[in-house]
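Undergrad: Okay, sequence plus prediction incoming.
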There are 4 protein chains.
Amino acid sequence: MEKAYAMVLKQFGGPLECREFPKPQPKNKEVLIKVIACGICGSDVHVWKGEDKRSRLPMILGHEGIGIIEALGGEEKQDIMGRSLREGDVVVWNRGVSCKACYTCLVKRQFYLCPSRWTYGFSKSIDDYPFLNGAYASHILLTPETEIIRIESREKAGDQDYAPYASLCCAGTTTACAFEQVKPESGQQVVIQGPGPLGIYGVLFAREAGAKTIIVVGGTPERLALCQEAGATHVINRCQTQAAERLDLIKEITGGQGADVVYEMAGTSEAVQEGVGYLAPGGTYASAGVAVDTGEIPINWFRDVVRKNARIQGIWVGDGKNTWQALEVYRRHKSLLDKMISHRLPLTEAHKALQMMEGKEVIKALLIP
Amino acid sequence: MEKAYAMVLKQFGGPLECREFPKPQPKNKEVLIKVIACGICGSDVHVWKGEDKRSRLPMILGHEGIGIIEALGGEEKQDIMGRSLREGDVVVWNRGVSCKACYTCLVKRQFYLCPSRWTYGFSKSIDDYPFLNGAYASHILLTPETEIIRIESREKAGDQDYAPYASLCCAGTTTACAFEQVKPESGQQVVIQGPGPLGIYGVLFAREAGAKTIIVVGGTPERLALCQEAGATHVINRCQTQAAERLDLIKEITGGQGADVVYEMAGTSEAVQEGVGYLAPGGTYASAGVAVDTGEIPINWFRDVVRKNARIQGIWVGDGKNTWQALEVYRRHKSLLDKMISHRLPLTEAHKALQMMEGKEVIKALLIP
Amino acid sequence: MEKAYAMVLKQFGGPLECREFPKPQPKNKEVLIKVIACGICGSDVHVWKGEDKRSRLPMILGHEGIGIIEALGGEEKQDIMGRSLREGDVVVWNRGVSCKACYTCLVKRQFYLCPSRWTYGFSKSIDDYPFLNGAYASHILLTPETEIIRIESREKAGDQDYAPYASLCCAGTTTACAFEQVKPESGQQVVIQGPGPLGIYGVLFAREAGAKTIIVVGGTPERLALCQEAGATHVINRCQTQAAERLDLIKEITGGQGADVVYEMAGTSEAVQEGVGYLAPGGTYASAGVAVDTGEIPINWFRDVVRKNARIQGIWVGDGKNTWQALEVYRRHKSLLDKMISHRLPLTEAHKALQMMEGKEVIKALLIP
Amino acid sequence: MEKAYAMVLKQFGGPLECREFPKPQPKNKEVLIKVIACGICGSDVHVWKGEDKRSRLPMILGHEGIGIIEALGGEEKQDIMGRSLREGDVVVWNRGVSCKACYTCLVKRQFYLCPSRWTYGFSKSIDDYPFLNGAYASHILLTPETEIIRIESREKAGDQDYAPYASLCCAGTTTACAFEQVKPESGQQVVIQGPGPLGIYGVLFAREAGAKTIIVVGGTPERLALCQEAGATHVINRCQTQAAERLDLIKEITGGQGADVVYEMAGTSEAVQEGVGYLAPGGTYASAGVAVDTGEIPINWFRDVVRKNARIQGIWVGDGKNTWQALEVYRRHKSLLDKMISHRLPLTEAHKALQMMEGKEVIKALLIP
């Protein structure tokens, strides 16, 4: 095959157009990936509609990709675990690329906050190197600096269905980052707001942290059921309860204490406002779901922050380490996480997939080139 | 002397009345203190006006006391450093008493969040044991569980002026607790909002944590000058600048980064709303000043919390460890901290002192029995 | 029943003698426990043989007890979760009692290092209050300061076999303390040295911390099999391998890195010397098994400590929080942990049980009054 | 000037020979430095004598350099604080270069443990890129990946004596790394073993961490005096005391507790063996001084590690962040740290300087090209 193709967004809110590209020859440590699948992320909807300030048109969306190495640039290239990469390996990659040379990377050692960080499928147009830079495509070209993680070596990669691993790169990574920064102690009680992909990963991470109680608050019965299957000890349906009832329920379940940790994975102002009230004294609120500016959220500062000696921790994306952590969780809970994929569409139906995502008709949809 | 006396509050907002009490005989590990001085704290004004829900009338205010041991109950009693206490020793004490037996004390190990915690000068009426339970008094009776810290042994205690140490018990302790939970790394850049007693201690703690830059924002030139003397590298007068200017100044001083840590020691909604905006990505906002319910504060959650991966840490009071830490800071910076005491009034003028505090005419005023 | 009885050690190394005691009436917050079972701990053998300096004869051994509340002193007494205790409740307790008033308890907040800490079954003779102070007995009297944890309320306590919970109080608690201080990150690789009770708990804690790899090194096939059942991903039989082989194996299993965390739960000098060599650069060695002075252990300081930037963490006992954490782990893995109990003997055969323990014929033996 | 020159070691233990090199033209982000001064480090003696396994002959020693940018490669190059570098700027640099792409760099985020890390003046011969790769030279060529830290911009750089800053790159950096990993809490009591360059920096870092007590143990009165001037509260002369006396003294000074933190900056087995005994229960031993294999050190594991619940932390080198932290400390204490430089020799006397270092005749000697 001499050509690659990708779905290109030319106008915010408009349809995505399938377009052919010359297939690039990787140089140096560049890696050409044949895409197996790309997840549709909630933030793709924001990009599509022009709500994300980082975007430049015309562009290729897609930051939740998984694929097979089709070609490698000349030099030896390793994944972040130190394994030599070869054609045929199945891989994922850190969707963001940081400079590793600035104050944030070297002094704060928080790569994901690097001011020069750019993201596949988000921040570049098709006129910016590496051009094929989003995963709504048959191929994507990874730059030498991109952090790659091998899922399966070419020897072992068989007929297995690798497409569902696509959720690692965004949902899995961000959840891992939340749990890296805010890990429950053994025996603690946890609330997760939002039973979407982050929330489902969240239940597994909470279980693997030794949480005693895992309460999920959400509005969709199917998602809540999947959370229970993943190990949630309690679920609360947001559509069948009032806020005051939910607070009472959480107090009751936690033996009157409130939650030691609340993970906000819902992305709404209402969730934040309500969720900080769930905390026990000394508790922590980890907010990972709010991905676009939702304006100001009123917080009862004395009651919910100071008097409780509470910690609020904003969680922004994550990095390659977290993708790897999510992969390890995936391996241990594959059959459960595979169920998260509710829909698969051909790549050319990207537009339809975005509309379904906007309408919250899916848990996680994949585009298959 | 057979009698003790105390200033008693009988009606919220009303005058305090000097009243005689029989002087108690300490039993078991109780300790009777002859008060040297008691500080007037901002929260005393809230108690006086009935804005603190913990208060029960008639009561004796005063939680920032320092005194001399006048009598000890039968058994051997040690201070928290393991030194045997004797009559004549100069001491301070943890203003709060926790149960050391509950979930919060034993599992969370955060004594100051103990739900049974009560506070001298705050939460008990004169009808509640130990009756003489506030430091606006000639004497105060400390219960066996009270954490005492010796400042000077009776052998060494001479004519020195110990009264200024009174600020340790609240301002010093809370500041130490803030820095125990949120300590700047060596070389980090810090903003302190509010140059009152907490802020002045804050400058010293920040210096002693190796902060490179210490910016104090406040409205009173005298207080800002004292902060500079304590080691603030920059001060910004809130009354001579607009919020946007202050933000620009802080960006400029910090080389465009913003602050690694902001300590809120001002106690107002405006300070909080403005201060979270000072943070650099990855920064921490430690809020220690808001001591009464000020209602809801609107926070731009995406911009200031999630996108920055910021941490907000509520700081509630502190415990005996923190009082001891503040004492050690006091010893190293005594001449500076002594200057914090702007006024001394006779105990009987407590009412006037509260009015001065309310009018912000003082930095720290002391009542002298 | 008007009498209690206990097995009394009168001479180190000698037989234990069954002796009658008047059954005490609990006062204030004392609690009289009817013992259900008491575990035989490895350190009991040291006490029995006079190798523990804390012991004073004549004494009652037994620090791994579980029992039913037979009588409560007058005042309301709660467990550390804040639940009111009543006659008939099934409970365990923190085997150590700390003062909660000294520098170590209040400033360091490490209760288990309190210099005044004393331990049931270890440090008191039968002439020291509370006299019935070891669990090799029909009854034990708990002092008011003892931290109690309810396992089952009297309403729910039925015919269930509660005896196996006895392992919580020492093995479970110490393991929880090790994992509280040194918790693996999600995805890390762990080695546990010693598949005894600590090691079995250790496998469960490691799994619940999200460890990717859990390698257990030990000498007894039955114990290793139980570890595998608990979730160990690999076991290495110490009796069928040389030290150099074990090191090679661990390198191989961990992809050449070495272990991120090694938990020493074996208690021998050989284990320590070998185990620090298992560490990956940046790794942590948590040493919880060495319970008596084994003299000096030679460490290659440059290679194994400095060059690797390694952390070595000594683990000493644990406190009530850790007992509670172990209890929560027990509840989640009861069927597995129950299998740890390899032998049950009547209380009067305590002497025989100690001999079996010394001969390493048991995993965990219980004495049943 | 068209030529550069450097002191080349051709035979371990032999003399260093001054040799001319063509002056390189920096490309891309390479930076050519005109060396102002290079410190002689204790580990240089080990390299010189062939005791460091990383060394390959013929080589240029020198990892403690400071210099002026003479030429920059084509592209814009920034220092780690994000400031654009220009010819004439005074700079230092991280002596080690890590890959920023491997498991250790990305997952453990400990750059200084990167297995591919190489070090200027240590690990390369003059036949390895970048050839002029040690600072015993008129010029050194820094690779694009090298982390540079600007001390003074060319506009401000005047006649000031910048040579003493050379100690930042090794002594300062390693000390900063020790204090980043093990920072005393406010009020804690600290012992520093070894009053050499690390120890002197150590006193300043301990002071800036709020340590109450700083005891330095060493053998050279001049060095101990400098430590006192830096802020040590007590010094103990190792040559005038026995080990048992020193332990007693430390117990006495610390009020019977022992040290909360001991920093080993002496580099001998004897220091380690003695120093772990200084710890209070719950204390930490940070070992930063042992830089070559000294064989096995016997540790009383039960008494000094487990029973005390002690932490031992190996400290290996440090990275650019730490160099920057040390620089900030240097700025705040310049006059004191300048005194650390006891000798300056012309570059051509490198051999003599190494001999003086070996004979411990110097605190810190500089070579001046």
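TA: Nice, I can see it.
Undergrad: contacting residues around the helix ranked longest in chain A?
TA: Counting residues, the longest helix found in chain A (DSSP state H) is helix A:320-332. Counting contacts by Cβ atoms under 8 Å, 6 or more residues apart in numbering or on different chains, the residues outside helix A:320-332 that touch it are A:80-81, A:92-94, A:111, A:147, A:149, A:151, A:165, A:168-169, A:172-177, A:179-180, A:201, A:204-205, A:208, A:337, C:185-187, C:210, C:212, D:106-107, D:109. Bear in mind the C-beta positions are built from the backbone N, C-alpha and C, glycine included.
Undergrad: Cross these against helices and list the overlap.
TA: Short answer: those in helices (DSSP H) are A:172-177, A:179-180, A:201, A:204-205, A:337, D:106.
Undergrad: tell me which of those residues is nearest to chain B?
TA: Comparing the ones in helices among the contacts of helix A:320-332 against chain B with Cβ to the nearest Cβ picks out residue A:177 as the nearest, at 8.7 Å.
Undergrad: count of residues packed around residue A:331?
TA: 13 (other Cβ atoms under 10 Å in any protein chain shown).
Undergrad: Return the residues in contact with residue A:42.
TA: Applying Cβ under 8 Å, 6+ apart, the residues contacting residue A:42 are A:196, A:267, A:291, A:357.
Undergrad: could those residues go into a markdown table alongside distance to chain D?
TA: As requested, the contacts of residue A:42 are exported to a markdown table (distance: Cβ to the nearest Cβ, whole Å):
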| residue | distance to chain D |
| --- | --- |
| A:196 | 27 |
| A:267 | 28 |
| A:291 | 24 |
| A:357 | 31 |
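Undergrad: Any of those residues buried? List them.
TA: A:196, A:267, A:291, A:357 (16 or more other Cβ atoms under 10 Å in any protein chain shown).
Undergrad: Can you check what angle separates the host helix or strand of residue A:284 from helix A:171-181?
TA: Using DSSP states H and E, residue A:284 maps to strand A:279-287. Computed by axes from the mean of the first three to the mean of the last three Cα atoms, to 10 degrees, the angle separating strand A:279-287 from helix A:171-181 equals 140 degrees.
Undergrad: beta partners of residue A:9?
TA: residue A:16, residue A:59 (DSSP bridges).
Undergrad: what's around the closest residue to residue A:141 other than its chain neighbours, how many residues?
TA: Among residues not flanking residue A:141 along the chain, residue A:130 sits closest, at 4.2 Å (Cβ to Cβ, 6 or more residues apart in numbering or on different chains). Neighbour count of residue A:130, defined by other Cβ under 10 Å: 18.
Undergrad: wait, what's in contact with residue A:130?
TA: A:24, A:30, A:141, A:142, A:143.
Undergrad: Please tabulate the residues you listed in TSV and include neighbour count as additional columns.
TA: Formatted as TSV, the contacts of residue A:130 follow (neighbours: other Cβ atoms under 10 Å in any protein chain shown):
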residue	neighbour count
A:24	16
A:30	21
A:141	25
A:142	28
A:143	18
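Undergrad: now, which of those residues sits nearest chain C?
TA: residue A:142 (22.5 Å).
Undergrad: Residue A:6 is in contact with residue A:350, correct?
TA: No - under the criterion of Cβ atoms under 8 Å, residue A:350 makes no contact with residue A:6, lying 9.7 Å away.
Undergrad: okay, and the common contacts of those two?
TA: residue A:136.
Undergrad: Contact partners for residue A:262?
TA: For residue A:262, the contact set (Cβ under 8 Å, 6+ apart) comprises A:190, A:191, A:192, A:193, A:275, A:276, A:278, A:279, A:283, A:284, A:285, A:286.
Undergrad: Residue A:269 too?
TA: A:290, A:294, A:295, A:297, B:301.
Undergrad: And the pLDDT for it?
TA: Residue A:269 carries a pLDDT score of 96 in this model.
Undergrad: on that earlier part again, now distance to residue B:124 too, for the contacts of residue A:42, in CSV please.
TA: Putting the contacts of residue A:42 into CSV (distance: Cβ to Cβ, whole Å) gives the following:
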residue, distance to residue B:124
A:196, 49
A:267, 46
A:291, 49
A:357, 58
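Undergrad: Of those residues, which is the nearest to residue C:250?
TA: residue A:196 (39.4 Å; Cβ to Cβ).
Undergrad: from memory the closest one sits against residue A:362, does it?
TA: No - using Cβ under 8 Å as the test, residue A:196 is too far from residue A:362 to be in contact (9.8 Å).
Undergrad: Please name the nearest non-neighbouring residue to residue A:122.
TA: Excluding its sequence neighbours, the residue lying closest to residue A:122 (Cβ to Cβ, 6+ apart) is residue A:54, at 5.4 Å.
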